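>>> I'll drop the sequence and a predicted model, then ask my questions.
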Amino acid sequence: MIQPYADPTAATIRIAPSILSADAARLGEQVAEAERAGADRIHVDVMDGHFVPNLTFGPGIVKWLRPVTRLPLEVHLMVERPDDVLDAFSEAGADTLIVHVERSIHLNRTVQRIKGLGKRAGVAINPATPAVMIEEILPDLDLVLAMTVNPGFGGQSFLRGTLPKIRKLRSMIDAIGSPIDLEVDGGIDPETTPEVVAAGARVLVAGTSIYGSREGVAAAIRSLEQAAAVASR
Ligand SMILES: O=C(CO)[C@@H](O)[C@H](O)COP(=O)(O)O
């Protein structure tokens, strides 16, 4: 059985390891390590070489991962035409489908389609896109993904200029009062974690700081949790 998502209204910080930085030759093992270490979900970055200048995973990887872990799989669609791939990733076993506001012209329709597929709906927002772009759709969402780097690659530096927007998204979500995850993605490590948590993020996507850590996956997840705990005090 797939583990349910934790209560998004809880103060606990949840970790979403991004497999973009995992060792692809040992992917199952790397996901299992993250699960044992208490990760909340697995983040799958899908890039099509058009919306972003990089190519990564297709639905096949989600299908392969589904029986390997009990953790929910969230799929971040950095693609030019997200509507065209929703069915395939849904059938493959994604639990959450995240589309970019910058690429979803009929965002309301797309979000309703995701929900119609029985999946959690998320919207990602690039660093240069204002929070107001998702104001109307916010009540319909399960998750907002604030990009803290320009999407396309792992290992980039955190953009500190995104912090005011994270604070703004936090207050927009709190004003609605519904359980919407506020997730951040890009350059998240023990140094940047206290800043994003203080700004209101509750789910941390991390690739390099987990899968690139010399201490190993479990120690890296612990370091992020400890850094988050400092900020939550
Ligand atoms: O969506 C993306 C990059 O576009 C991310 O999910 C990265 O995978 C995060 O990687 P790190 O910045 O943690 O290395």
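Noted; the coordinates are in hand.

>>> which bits of the chain sit near the ligand?
Taking CB under 6 Å from any ligand atom as the test, the list of the chain residues beside the ligand reads 18, 20-21, 43, 45, 76, 149, 151-156, 185-188, 205-209. Just so you know, the C-beta spots here come from the backbone N, C-alpha and C atoms, and that holds for glycine as well.

>>> can you select the buried ones from the residues you listed in ChimeraX?
Burial among the residues of the chain next to the ligand is assessed by 16 or more other CB atoms under 10 Å; the matching ChimeraX selection reads:
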select :18,20,21,43,45,76,149,151,152,153,154,185,186,187,188,205,206,207,208,209
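
>>> could you list which of the residues of the chain next to the ligand belong to helices?
Mapping these onto helices (DSSP state H) picks out 208-209.

>>> for the ligand, see how far away the spatially closest residue to Pro82 that is not a sequence neighbour is.
In this structure, Pro82 finds its nearest non-sequential neighbour in Val99, 4.2 Å apart by CB to CB, 6 or more residues apart in numbering. To the ligand, Val99 is 13 Å away according to CB to the nearest ligand atom, to the nearest Å.

>>> quick one: the stretch of helix or strand Val99 belongs to to chain centroid distance?
Taking DSSP states H and E as the definition, Val99 sits inside strand 96-100. Taking CA atoms, centre = their mean, to the nearest Å, one finds the center of strand 96-100 at 9 Å from the center of the full chain.

>>> what are the C-alpha coordinates of stretch 167-184, in PDB please?
C-alpha atoms of stretch 167-184 as PDB (Å, rounded to 0.1, in the frame of the first residue of the first chain):
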ATOM      1  CA  ARG A 167       6.300  34.400   2.100                       C
ATOM      2  CA  LYS A 168       3.500  35.700  -0.100                       C
ATOM      3  CA  LEU A 169       2.400  32.200  -1.200                       C
ATOM      4  CA  ARG A 170       2.400  31.200   2.500                       C
ATOM      5  CA  SER A 171       0.000  34.000   3.400                       C
ATOM      6  CA  MET A 172      -2.200  33.300   0.400                       C
ATOM      7  CA  ILE A 173      -2.500  29.700   1.400                       C
ATOM      8  CA  ASP A 174      -3.100  30.500   5.100                       C
ATOM      9  CA  ALA A 175      -5.800  33.000   4.000                       C
ATOM     10  CA  ILE A 176      -7.700  30.200   2.200                       C
ATOM     11  CA  GLY A 177      -7.300  27.900   5.200                       C
ATOM     12  CA  SER A 178      -7.200  24.700   3.100                       C
ATOM     13  CA  PRO A 179      -4.500  22.100   3.300                       C
ATOM     14  CA  ILE A 180      -2.200  23.000   0.400                       C
ATOM     15  CA  ASP A 181       1.400  21.900   0.500                       C
ATOM     16  CA  LEU A 182       3.900  24.700  -0.100                       C
ATOM     17  CA  GLU A 183       7.000  23.100  -1.600                       C
ATOM     18  CA  VAL A 184      10.300  24.600  -2.600                       C
END
